[in-house]
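1. Coordinates for the following, if possible.
(one chain, ligands or ions: 1)
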Amino acid sequence: MKITRREAVAVSGLALAGSALASGPAVAQMEHEGHGMSPSTPAQRQMPHDAKTAAQWWINIAKGTRHPARTIEPGEAVPPAEPGRDYNPVITPNGEALPFKIVDGAKVFHLVAEEVTHEFAPGLKAKLWGFNGRVHGPTIEAVEGDRVRIYVTNNLPEATSIHWHGIILPSGMDGVSGLNQKSISPGETFKYEYPLIQHGTHMYHSHFDEMTQMGLGVMGLFVIHPRRPAEPRPDRDFAILLSEWDIKPGTYRPDPRVFAGFNTLTFNAKAFPATESLVAKRGDRVRIRLVNLSAMDHHPIHLHGHSFWVAQTDGGVIPPSARWPETTVLVSVGQSQTLDVVADNPGDWAFHCHMTHHVMNQMGHAGPNMVGADAAKLKQAIKPLIPDYLPMGTGGMGDMSEMQTTMGGMGNMRMTMGKMGDHSKRTTMGEMGDHSKQMTMGGMGDHSKQMTMGEMGDHSKQMTMGKMGDHSGQMAMPENSIAMMGGNGPHGTIDMGGMFTVLKVRDHLTSYADPGWYQAPQGTVAQAASKQDLERDGI
Ligand SMILES: [Cu+2]
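-> Numbering: from 1, shown residues only. Reported below is the predicted structural model:
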């Protein structure tokens, strides 16, 4: 049998693949058999039957392909990569990595798709579909040159299939139900196996009944490190999956059918203030991998206090000469954007979606707009119908979070009767200090009552004024719902929710545990102007 030079090189390359791949003679035998059929095109070659030789058959094809994130040739002999030695593990804030074992040179993972009860933030839980007891699924992490074998067990009530988004692999492993494979029936376990011939930030997600399954969380991150990085490894390597949900207050199941009005916006399936901070030492090379698998929305993600480089996309590494600096990057649906930044500015830096509705939580998107309204007249008109009615938000909506914080923190939608009693029907709130103007028409009490009038219509029984009055210790809000915005900060309430977290950069750290709030040097914090300042500058 005649073997051309190119084929001989391919065969020897495969033989070198060593323990991670099949033995050389087996490969040579496969090649000989293939060529013995004298195919006129590669597509006509007889396909190998077992997974190992199939992987090698495909590696031969991959050798001829180009990918802008490749540091070794496909099929090069490399052992399964080890954390620490070959890569610095990625950090999935609020998440975790999927464990693996090495069997016969392959990294073996097992995903179990199943229903999961997930907490988005204290006070808001939902029944979702995820993997291995989590939403989203655990992060799959591997290194270019590794061969992965991923078992997917379907414990969902309907069929599924899993697509490996952005990963270059054999067509039959791509996971589009009906196109590349049969769907995975409930109770079945499918096996996906392929070598990783690229590096980058990718994802896995359902490709069967996507609207429902992705709307309920059937997805996760898939990070592949370079085998021989051309650039220094990041010191801190974060991966964040962006998604959105529609959870009607008082319900436990997101509605995957909606196409607008998502009211729970999440980083790794958590809404602020449940999002973990990103912690770095001053001077650390920080990589932030952003992946957007929202149903309908793109997210412009903004970092304060720093300028970053957009260094990679899902398609590969951007050559250094073609990178551009940004402080905000748009992460479109289905995209990944990888930001490289040197954390050189100590402080607490907001990192958030710049869509204002995406940094708000479930409550408060609907309801009447009261900004600038003559609330006294409105109150007079509604009082005969709802005796306790108190409009709110007439001076802006910052009071919504302010009150909730006063009542014991974001997400804690219960408040003491004493507080509520103090606020109801009062026209000013002495104890609210600076916020007295915003609070003119009342505090938390009217917040909830506004909900009665607006978006909470479906929950009128829960929201009746009488019931509110009956609550000696707690005010009635729809169960399982969280405040529009607000977390406790070092200077008061942080009027943010949803897709918001904090990059904490510190000069001195003994660990990467959350260091608490930044202690700003004296004189570097904005504060009320002094009389002398105003006089000196003619203000
Ligand atoms: Cu957004």
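
2. Residue numbers of the stretch 201-350 of the chain in contact with the ion?
-> The stretch 201-350 of the chain comes close to the ion at residues residue 299, as judged by C-beta under 5 Å from the ion. Every residue, glycine included, has its C-beta placed from N, CA and C.

3. 8 Å - rerun?
-> 242, 244, 265, 294, 297-301 (C-beta under 8 Å from the ion).

4. where in the protein is pLDDT low?
-> Applying pLDDT under 70 to the chain flags residues 1-49, 51, 363-373, 388-477, 485.

5. Which strand runs longest in it?
-> Longest strand in the chain by number of residues (criterion: DSSP state E): strand 106-121.

6. hmm, that strand in reach of the ion?
-> No - using C-beta under 8 Å from the ion, strand 106-121 stays clear of the ion, coming no nearer than 15.4 Å.

7. Do a quick rundown of the strands in the stretch 101-250 of the chain.
-> Ranges of strands in the stretch 101-250 of the chain, per DSSP state E, counting those that start in this stretch, are 101-103, 106-121, 124-131, 140-143, 147-154, 162-165, 189-195, 200-206, 219-225, 236-245.

8. can you redo these as CSV with distance to residue 344 and mean neighbour count?
-> Formatted as CSV, the strands of the stretch 101-250 of the chain follow (distance: least, C-beta to C-beta, whole Å; neighbours: other C-beta atoms under 10 Å):
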stretch, distance to residue 344, mean neighbour count
strand 101-103, 39, 12
strand 106-121, 31, 20
strand 124-131, 36, 22
strand 140-143, 27, 23
strand 147-154, 36, 21
strand 162-165, 33, 24
strand 189-195, 38, 19
strand 200-206, 23, 25
strand 219-225, 24, 27
strand 236-245, 13, 25
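
9. quick one: contacts for whichever residue of the stretch 51-200 of the chain sits closest to the ion?
-> Per C-beta to the ion, residue 120 is where the stretch 51-200 of the chain lies closest to the ion, at 15.4 Å. Residue 120 makes contact with 126, 245, 247, 264, 266, 269-271, 274, 482 under the criterion C-beta atoms under 8 Å, 6 or more residues apart in numbering.

10. Please report the distance of the most centrally placed residue in the chain from residue 345.
-> With distances taken as C-alpha atoms, centre = their mean, the residue of the chain nearest its centroid is residue 241 (2.4 Å). In this view, residue 241 and residue 345 are 26 Å apart by C-beta to C-beta, to the nearest Å.

11. cool, and residue 310?
-> Relative to residue 345, residue 310 is positioned 19 Å away (C-beta to C-beta).

12. Neighbour count: these two, which is higher?
-> residue 310 (18 against 14; other C-beta atoms under 10 Å).

13. Remind me which helix or strand the more buried one belongs to.
-> Assigned by DSSP states H and E, residue 310 belongs to strand 308-313.

14. now for that strand, which elements pack on it?
-> Contact here means 3 or more C-beta pairs under 8 Å, 6 or more residues apart in numbering; DSSP states H and E; on that basis strand 308-313 packs against strand 285-292, strand 325-326, strand 336-342.

15. For burial, what's the neighbour tally of residue 325?
-> Count around residue 325 with other C-beta under 10 Å applied: 10.

16. Could you pull up the residues touching the residue lying closest to it once chain neighbours are set aside?
-> Leaving aside its sequence neighbours, residue 325 sits nearest to residue 307 (C-beta to C-beta, 6 or more residues apart in numbering; 4.9 Å). By C-beta under 8 Å, 6+ apart, the contact set of residue 307 is 325-327, 341.

17. what do you get if the cut-off is 10 Å, keeping everything else the same?
-> Shown in contact with residue 307 (C-beta atoms under 10 Å, 6 or more residues apart in numbering): 325-327, 341-342, 344-345.

18. Now a PyMOL select for only the buried ones of those.
-> Command for PyMOL, covering only those of the contacts of residue 307 found buried under the criterion 16 or more other C-beta atoms under 10 Å:
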select buried, resi 326+341+342
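
19. OK, now which residue of the stretch 201-350 of the chain is nearest to the ion?
-> residue 299 (3.3 Å).

20. Relative to residue 498, how far out is the closest residue to that residue other than its chain neighbours?
-> The shortest distance from residue 299 to any non-neighbouring residue, by C-beta to C-beta, 6+ apart, is to residue 353 (4.5 Å). Distance of residue 353 to residue 498, computed by C-beta to C-beta: 7 Å.

21. who's more crowded, those two?
-> residue 498 (29 against 25).

22. quick one: contacts for that one?
-> Contacts for residue 498 (C-beta under 10 Å, 6+ apart) come out as 120-121, 244, 262-267, 270-272, 275, 352-353, 355-362, 484-485.

23. Spell out the residue ranges of the helices in this structure.
-> Under the criterion DSSP state H, the chain contains helices at 5-16, 24-36, 51-63, 210-215, 375-382, 398-406, 417-423, 444-453, 460-463, 465-470, 531-536.

24. Please put the alpha-carbon coordinates of the third one into CSV.
-> In CSV, the C-alpha atoms belonging to helix 51-63 read as follows (Å, rounded to 0.1, in the frame of the first residue of the first chain):
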residue,chain,number,x,y,z
ALA,A,51,-14.1,6.4,19.7
LYS,A,52,-10.3,6.4,19.8
THR,A,53,-9.7,5.9,16.2
ALA,A,54,-12.6,8.2,15.4
ALA,A,55,-10.8,11.0,17.3
GLN,A,56,-7.6,10.3,15.4
TRP,A,57,-9.4,10.2,12.1
TRP,A,58,-10.8,13.6,12.9
ILE,A,59,-7.4,14.9,14.2
ASN,A,60,-6.0,14.2,10.8
ILE,A,61,-8.6,16.5,9.3
ALA,A,62,-8.0,19.1,12.0
LYS,A,63,-4.4,19.2,11.1
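
25. Show me which residues of the stretch 351-500 of the chain sit near the ion.
-> 353-355, 357-359, 498-499.

26. Repeat the analysis, applying 5 Å as the threshold.
-> So the stretch 351-500 of the chain meets the ion at 353, 355, 358 (C-beta under 5 Å from the ion).

27. Which ones among the residues you listed lie within strands?
-> Among these, DSSP E puts residue 353 in strands.

28. Could you say which one of the helices and strands packed on strand 308-313 comes nearest to residue 521?
-> Between residue 521 and the helices and strands packed on strand 308-313, the tightest spacing by C-beta to C-beta is seen for strand 336-342, at 21.0 Å.
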